[in-house]
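In: structure for the following, please:
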Amino acid sequence: MPANLKQARCLRSQYITNFFAASTEKLVRCKAATGYNYSCRLQTSPLNCLKNECRFPYYFRSMYSTTLSVRKATAALRILSLCFGIVLLLTNAPSLLAQENGKGGAPALKVTKTSYNFGEIYVGEEIAYTFFLHNTGAAPLTVSETPVYSNAVGNVVGQTLSPIEKMKYVAIQSATSPTPLGCACQMQDFYYDKVIQPGQIGVVRIAMRGTEKLGATEAAYKLYTNDPRQYAIDLKLTGTVKAVPDFIKRIANANITNGEQVGSYRVYPTAKPDVTIERNEPYQLTVKIKATGVEDGELKIAAPVEGATVNLKKNAATEQYTLDIVPNPVGAGGTRTIKIRLQSTGAKGETFDVVVTLHTPDNSLIYTPENVNGGEVALASFKNAALRVGRVSLRKTVGKFKILSVTSSLPFLQPEVQTLVDGSNYMVRLNTLPTAAPKAGAYEGMIRVETDEPGYTKIEIPVKIVVTAK
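Out: Predicted coordinates:
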């Protein structure tokens, strides 16, 4: 090393790549008294550059002896740096171009929506939503549930997981298991297109069913791609699980799980509700309608509706319609239908009907038999124990009622009320009363039942029994 290099002073530090060792060393730019620039290794601190000899990196010392001129070494460094820069440019140009405009051999993912709020679903109801993945690049887009490793132009060359990534992957799998963490839903179906060709659109379909856990819920899903700019997609479903409302329980043909598919729309719980109501009963039902794909236009009521008041509205957040139907009360018994025609304003002009069938029985409260025959009963049996000599069933086909009291005009018969279904189905049993044994003979009387049902506040059921001496 020339002696005058010992007089070099440190100007500034910089990083320079060690091409031969494939590493990076921190060097100090020094300036000698001769005016030439040298590169010397920074060993401990910039002060060492003043104390020690300023020397070339070892890869230059292996190429040039210390007696060669500084000009040759500097020129070689410039040439080598220029060549390396050209190599880097040629190697990374396709990747840089692909990342710039999504073309040139690399896939490019475009997702217009990554979350969906399904609003309210009922226990047992299954909902499904489809997310769309558009490959706007020039190479196939690979979608996977595990991290995808790709080369400079986005082609998949393998799948690797670091220890930290493995921990994250386990957590993700737990969150996307059949019952996602924090979700009051049970996952029914999870489908996604694994390879999407350039210019094509793929789908991710998630179907879920509400469980008994009520309240707000959220489920997150993660997918990985070989897009150099977007290696992961986070998809999320949110909503609220509620109990099945009473008006749906009264629909005889309700499909609580899936509803009914009518053309391009899912109608829940059915497009043809069949309901039994009381005379003059105020009743309202709501039908949920949602396009199963990309909706072509908006739905509207296409014709006047007779026999009911209807209202169709759309929730912009959930992309779902609700059709509220309030039938006009009817005092007479019979069967009637309410037809609501819906039409899309899109190019297809799709139309379909929601038809409600209402049954109104003449007598909503039914009791059988209408008279009780207790037959023959031996007098001796009265003294031994209570005997059952008859029974009457009272039930209501629609709505609820209560039995207020039951009495017998025959003092030796004791009525007993048994509840089969609270509010709709009861049994009145007639038993003999041992402490009030009658004389032998034929008896006729009445069983009087008082209820809170209008029109049936007092029900009288004839009863007869023959008591024999033997």
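In: Glu120: how many residues sit nearby?
Out: Neighbourhood size, Glu120 [other C-beta atoms under 10 Å]: 15. From N, CA and C alone the C-beta is placed, and that goes for glycine too.
In: er, Ile325 I mean
Out: Neighbours of Ile325 (other C-beta under 10 Å): 23.
In: Glu260 too?
Out: 17.
In: so what's it up against?
Out: Arg266, Val267, Tyr268, Pro269, Thr270, Ala271, Lys272 (C-beta atoms under 8 Å, 6 or more residues apart in numbering).
In: among the residues you listed, which one has the most neighbours?
Out: Tyr268 leads these on contacts (other C-beta under 10 Å) with 26 neighbours.
In: picking that back up, what two of the contacts of Glu260 are the furthest from one another?
Out: Arg266 and Lys272 (14.2 Å; C-beta to C-beta).
In: on that earlier part again, among the contacts of Glu260, which ones are in strands?
Out: Those of the contacts of Glu260 mapping onto strands are Arg266, Val267, Tyr268, per DSSP state E.
In: quick one: which of the residues you listed is nearest Gly239?
Out: For the ones in strands among the contacts of Glu260, the nearest to Gly239 is Tyr268 (14.0 Å; C-beta to C-beta).
In: ok, that closest one touching Glu126?
Out: No. With contact defined as C-beta atoms under 8 Å, Tyr268 does not count as touching Glu126 (9.6 Å).
In: what is in contact with these two at once?
Out: Asn258.
In: circling back to that earlier point, out of the contacts of Glu260, the closest to Ala332 would be?
Out: Lys272 (23.1 Å).
In: tell me the pLDDT at the closest one?
Out: Here the pLDDT value assigned to Lys272 is 96.
In: now do the nearest residue to it once chain neighbours are set aside: how many residues are near it, please.
Out: Of all residues not flanking Lys272 in the chain, Val355 sits nearest, at 5.1 Å (C-beta to C-beta, 6 or more residues apart in numbering). Residues lying near Val355 (other C-beta under 10 Å) number 14.
In: tell me the SS of Val355?
Out: At Val355 the chain is in strand, as set by DSSP: H, G, I helix; E, B strand; the rest coil.
In: that one contacts Lys339, doesn't it?
Out: Yes. Applying C-beta under 8 Å, one finds Val355 in contact with Lys339, separated by 5.2 Å.
In: mind listing the shared neighbours of those two?
Out: What both Val355 and Lys339 touch, as defined by C-beta under 8 Å, 6+ apart, is an empty set.
In: which residues does the nearest residue to Gly124 once chain neighbours are set aside contact?
Out: Closest residue to Gly124 apart from its sequence neighbours, by C-beta to C-beta, 6+ apart: Ile256 at 4.8 Å. Residues in contact with Ile256, defined by C-beta under 8 Å, 6+ apart, are Tyr122, Gly124, Glu125, Val244, Ile248, Pro269.
In: check which helix or strand covers Ile256.
Out: In the assignment (DSSP states H and E), Ile256 maps to no helix and no strand.
In: quick one: Asp246 from Val398, how far?
Out: Per C-beta to C-beta, to the nearest Å, Asp246 is found 12 Å from Val398.
In: helix or strand: which one has Trp239?
Out: Just to correct that, residue 239 is Gly rather than Trp. strand 230-242.
In: dump the C-alpha coordinates for the helix or strand following that strand into PDB.
Out: Next helix or strand after strand 230-242 toward the C-terminus (DSSP H and E): helix 246-249. Only the C-alpha atoms of helix 246-249 are listed here, as PDB (Å, rounded to 0.1, in the frame of the first residue of the first chain):
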ATOM      1  CA  ASP A 246     -93.700 -17.000  14.600                       C
ATOM      2  CA  PHE A 247     -95.100 -16.000  11.200                       C
ATOM      3  CA  ILE A 248     -92.600 -18.500   9.500                       C
ATOM      4  CA  LYS A 249     -93.600 -21.300  11.900                       C
END
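In: contacting residues around helix 246-249?
Out: In contact with helix 246-249 (C-beta under 8 Å, 6+ apart) are residues Tyr122, Ala254, Ile256, Pro269, Tyr283, Gln284, Leu285, Thr286.
In: from the residues you listed, pick the one nearest Thr211.
Out: Tyr122 (10.9 Å).
In: list the contacts of that closest one.
Out: Contacts of Tyr122 (C-beta under 8 Å, 6+ apart): Gly210, Val241, Lys242, Ala243, Val244, Pro245, Ile248, Ile256.
In: rerun that using 7 Å as the cut-off
Out: Residues in contact with Tyr122 (C-beta atoms under 7 Å, 6 or more residues apart in numbering) are Gly210, Lys242, Ala243, Val244, Ile256.
In: format those residues as TSV; extra columns: distance to Tyr192 and pLDDT.
Out: Below are the contacts of Tyr122 laid out as TSV (distance: C-beta to C-beta, whole Å; pLDDT from 0 to 100):
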residue	distance to Tyr192	pLDDT
Gly210	22	80
Lys242	29	92
Ala243	32	92
Val244	31	92
Ile256	28	91
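In: now the contacts of Ile256 as CSV including distance to Thr407?
Out: Below are these laid out as CSV (distance: C-beta to C-beta, whole Å):
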residue, distance to Thr407
Tyr122, 44
Gly124, 44
Glu125, 47
Val244, 39
Ile248, 39
Pro269, 44
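In: what about Gly334, distance to Val275?
Out: For Gly334, the distance to Val275 - C-beta to C-beta - is 14 Å.
In: thanks a lot, see you next time.
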